[in-house]
Each structure stands twice: as C-alpha cells, then as structure tokens.
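> only the shape, not the letters, is given here:
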C-alpha cells in the first residue's frame, strides 16, 4: 500500500531540519506515550546509567569486571554488555539456541544486581546459525529471494572462518514466537535487561517465502513484523521490571525498545541529529573509542558525546587498566549525573554561538580491534581517523524537569581558553580552565549570535513542540504540517 510523503525546500542548516522533523515526530505513533518523564512504562534506570563496558567472557570475569567498575566509578550504575554468556562456544554458532547458559551465569546476574550493576545479556533476533542441526527445520522460515534462496551473513575476519548466519523472516509467526520464548527465558534466568542486536541497524528485505505469514515481496509488513517482535519482548521485560535495548537508532521503534546502542565510528564531522529530535524521548548510549588514544583526543571525543546527551561507553574492560582514562571518564560521568534533567530528560535546543576566536584542535582516533581480540597485540586495527574540531563546544538545553534553559559548555583543550560567547549579553567573555565542563543557567536571558544579534528567547514551556500533546493537539499538528512546511520554505533565513 501507499503512504503520504511531504517534501518542501527550506533555507537553513541541519539544526532547522531537526526542528522541523521533531515537530512532526512528536505526532508519530512512537512518541504517543510522551516524554520519558511522562511514561510509566519507561525504565528510568536505563537513561540514568552513565557508563557501559562491552564484554565477551565467562561469568566469573563478568562479576570481577563489574565489581572493579563499582570501585573505580562509585555512586553510579555501570552497564556490562555481556556477549558469550551461553555454554555453546561462539565459534560454533548458536543463534537462537542460547540455552543452556554457561556455568555461573545465574549466580553472576544475581550478584551484579546486588551491588547495583547492570549486566545486559546479548541476543541476535535476526539470524539463525546455519551449522545447527535445527536449521534444517527452520530453513523454510528464512528470508527468501525470488528464486527461493536464503541469505547468508558472516561477521568477523573471514580468515577466522566465522559461522554462517541466515536471516530469518520477521513476518513468520513461528519465528516471532521463538524470539519471544528465548527472551522470556533470559529474563527468567535472572536478567533485568536484554540486548537485541541489529534491530535498528539493518534494512528491511523483500521476502518471497511460500509458507510465510505475509504477502510475497516488500511492503510495510516487514517493519510492522519487527515492531510486533519488539513490542512483545518489551512487554516481557516490563512485566519483570526490566528493559530492552537494540543496536542502531531507528526512531520507529522508540516506543517498543527502551534504548539504542550507537557503535558507529565517530568522526569530527558528526552532528547530533537524533539527539536534537528525540532527546528526552529515548536513550542513546555508547561512545566506543580505542583506550590507547592520546588523552587529548579521548577527552575531546568523549566530552562531545556527553554534551549531546549520549551515555558513555561500550569500552573494552581494558580501559580500567588506564588510570588517566579512568580519571577522564569519572569526570564526565559526574557531570552527566549532575545534569540528567537536561542530558537524559531535557530537550537539545541548539549550539552556543561562539566568536571566531575559538581555537581548533587536531584529533587522532586510532582504529579498533574486534572485542575478543583486544588482548592480542597482533590483532588488526580498523583504519585510523584524523581530523580537526573546535576546541570549545557548547549546547543549549531546556531542562525536562523545570523547563528552564541552560548552556552546557566544555573546553576540549589542555590549556585555558577565553572565547566570546554572548550567552548573557553581547560581547560577553567566557573563560574556561583546561578540560573544564560547565553548566550556565540561561532562563529569562536573551542569547545572541557572534554578531550580537538575538537568536533565541526563553519562552514559556507550553510554546514548544516537546510539551506533552493531547490527542486533539497532536492531530491538529499532523493535519497542518504540510502547510507549515511550505510556509517555512518561504521564510527568509540569515
């Protein structure tokens, strides 16, 4: 079936595009439950976890890692994204036969919860290991091309002969039941959170399976089927006081997946588009980086993610052996926790307008290894990324709890920096100590761009699109969106 599309040109940058998209997104089904603060089905503990580690290993090592993290990062919950908790070795392929669990997993989950830590169990609801004997019975329910052949995927270095994995069709009820069944067993094992890999990061496929519960070919059925799986597993989690997370950031799953892990390689040119649209409505976590990057680069990239509202991490546990990195992360964790009203619950409004005096800094981001190979000195690295970024960053937020506006600013340089910022008055000056990160309250203060022109006025909360919308108001916004887009395109912009 068809669907409506609205297209309009406008003058502006990606910030204006994000505001337009946000206005529409607030009327979409995945925002119908409102902000995180307004939802009784959202697990607050997820958006308040400031730090994650990625882990492949046994139960004893997982317990030790989270115990050590508790001492290094006191007073907060640390998350551990736990792969290879199954008894079957990963190299043999085991999806979706996750059980029996490995020795000690149940006790490990219980212990980690008792010390306030969050082990997140890994699952992969897209793929089936071809090497399993049971694949003979599952093969009819795989995604099929027009000739009836299934699709094979492999992850890891081909020279290591990674297992062949076959994409299963989400439109098959038997596969939906399989995913819900093993997810239920994972929570019954004692988990309070389950990770569903690749849900938001992989595209839909046309499928021509002859015994499937959908019409052949493409269509909305694929997306609707994935949503159905996510909704049912989300309900399993909610009934047990838990949460679900996935890889990627597809917004159409925001109401049926609680958090999105973003693990793409960062670059100096990245922008926080999704944060500008959905901050306060979902949680984004993960800031993967080589723990052997120089301290200046590490501080710059990790600080930028914090300023965007991202929860840090997906680090290898080897980072805990780097005292200088631990200290930098501890500082950023403390800042995030002190500003959850903005970074977890608030609205990202835009950048702080600095003058042209802002210095730039060079960055060298070393490549990363596959996580099981980090301890291997001969393992290959992904390509190194180099570039430049502004040495001072600042973003304006509206607090989700008070409605007041503020600026979060940071010095990415190892030396003191003074810049023109015009946050509270034209031609104002801001002096930041080396690697300082600071909050500046702005409510009831007119802000200015680098030329001294006013660019933003604090206004009552009810004037903004992120206000909890009634069904009537949401329908009105949706109905008038084409006209408002057309009007926007004709409005002169500086």
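Arrived safely. Quick caveat: nothing in here was measured; it's all calculated off a predicted structure.
> what helix or strand is the residue nearest to the spatial centre of the chain located in?
For the chain, the residue nearest the mean C-alpha position is residue 284 (2.7 Å; C-alpha atoms, centre = their mean). Element membership for residue 284 (DSSP states H and E) is strand 283-285.
> what segments of the protein are helices?
Counting by DSSP state H, one finds helices in the chain at the ranges 14-25, 44-47, 59-72, 105-114, 135-138, 173-188, 221-239, 273-278, 295-308, 323-338, 340-343, 471-490.
> average pLDDT for the first one?
So that's helix 14-25. Helix 14-25 carries an average pLDDT of 94.
> circling back: pretty sure the residue nearest to the centre of the chain sits against residue 257.
No: taking C-beta atoms under 8 Å as the definition, residue 284 is not a contact partner of residue 257, at 11.6 Å. Bear in mind the C-beta positions are built from the backbone N, C-alpha and C, glycine included.
> returning to what we had before: wait, what's in contact with the residue nearest to the centre of the chain?
By C-beta atoms under 8 Å, 6 or more residues apart in numbering, residue 284 lies in contact with 249, 259, 260, 262, 274, 275, 309, 310, 311.
> which one of those residues is nearest residue 10?
residue 274 (19.4 Å; C-beta to C-beta).
> and residue 118, what are its bridge partners?
residue 79 (DSSP bridges).
> I figured it was touching residue 193, is that so?
Yes: counting by C-beta under 8 Å, residue 118 touches residue 193, with 6.2 Å between them.
> these two: which has the busier surroundings?
residue 193 (25 against 22; other C-beta atoms under 10 Å).
> that one contacts residue 242, doesn't it?
Yes: using C-beta under 8 Å, residue 193 is in contact with residue 242, at 5.4 Å.
> related to what we said a few turns ago, now, which of the contacts of residue 284 sits nearest residue 127?
Closest to residue 127 out of those is residue 260 (19.4 Å), distances taken as C-beta to C-beta.
> check contacts around that closest one.
Contacts for residue 260 (C-beta under 8 Å, 6+ apart) come out as 200, 245, 246, 247, 248, 249, 250, 282, 283, 284, 285.
> what bridges to the residue nearest to the centre of the chain?
Beta-bridge partners of residue 284, as defined by DSSP bridges: residue 260.
> what about it, distance to residue 272?
Separation of residue 284 from residue 272 (C-beta to C-beta, to the nearest Å): 9 Å.
> anything in contact with each of the two?
Counting by C-beta under 8 Å, 6+ apart, the common neighbours of residue 284 and residue 272 are residue 309.
> returning to that earlier point: show me which of the contacts of residue 260 are buried.
Among the contacts of residue 260, those buried by neighbour count (16 or more other C-beta atoms under 10 Å) are 200, 245, 246, 247, 248, 249, 250, 282, 283, 284, 285.
> now the last one, nearest residue through space, not along the chain?
Closest residue in space to residue 285, ignoring its immediate chain neighbours: residue 311 at 3.7 Å, by C-beta to C-beta, 6 or more residues apart in numbering.
> surely the one you found touches residue 286?
Yes: using C-beta under 8 Å, residue 311 is in contact with residue 286, at 7.4 Å.
> who has more neighbours, the two?
residue 311 (26 against 23).
> show the contacting residues for that one.
For residue 311, the contacting residues are 47, 49, 50, 51, 52, 283, 284, 285, 286, 287, 336, by C-beta under 8 Å, 6+ apart.
> try 7 Å
By C-beta atoms under 7 Å, 6 or more residues apart in numbering, the contact list for residue 311 reads 49, 50, 52, 283, 285.
> got these as CSV, with pLDDT and distance to residue 162 columns?
CSV is the format used below for those (pLDDT from 0 to 100; distance: C-beta to C-beta, whole Å):
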residue, pLDDT, distance to residue 162
49, 98, 30
50, 98, 33
52, 98, 24
283, 98, 30
285, 98, 26
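> check the residues you listed against residue 414 and report the nearest one.
For these, the nearest to residue 414 is residue 50 (23.5 Å; C-beta to C-beta).
> number of residues surrounding the closest one?
Look at residue 50: counted by other C-beta under 10 Å, it has 26 neighbours.
> how much space separates it from residue 79?
Using C-beta to C-beta, residue 50 is found at 9 Å from residue 79.
> repeat for residue 323
22 Å.
> next: residue 198.
Taken as C-beta to C-beta, the span from residue 198 to residue 79 is 19 Å.
> okay, the two: which has more neighbours?
Using other C-beta under 10 Å, the more surrounded residue of residue 198 and residue 79 is residue 79, with 29 against 16.
> who's in contact with that one?
Residue 79 neighbours (C-beta under 7 Å, 6+ apart): 49, 51, 52, 118, 120.
> now, which of those sits nearest residue 440?
Ranked by distance to residue 440 (C-beta to C-beta), the contacts of residue 79 are led by residue 51 at 24.9 Å.
> hey, what's that closest one bridged with?
With DSSP bridges applied, residue 51 shows beta-bridge pairing to residue 78, residue 312.
> over to residue 348?
When bridges are called by DSSP bridges, residue 348 pairs up with residue 397.
> do the same with residue 247
Beta-bridge partners of residue 247, as defined by DSSP bridges: residue 261.
> hmm, it is touching residue 257, no?
No: Residue 247 is beyond contact range of residue 257, at 10.1 Å (criterion: C-beta atoms under 7 Å).
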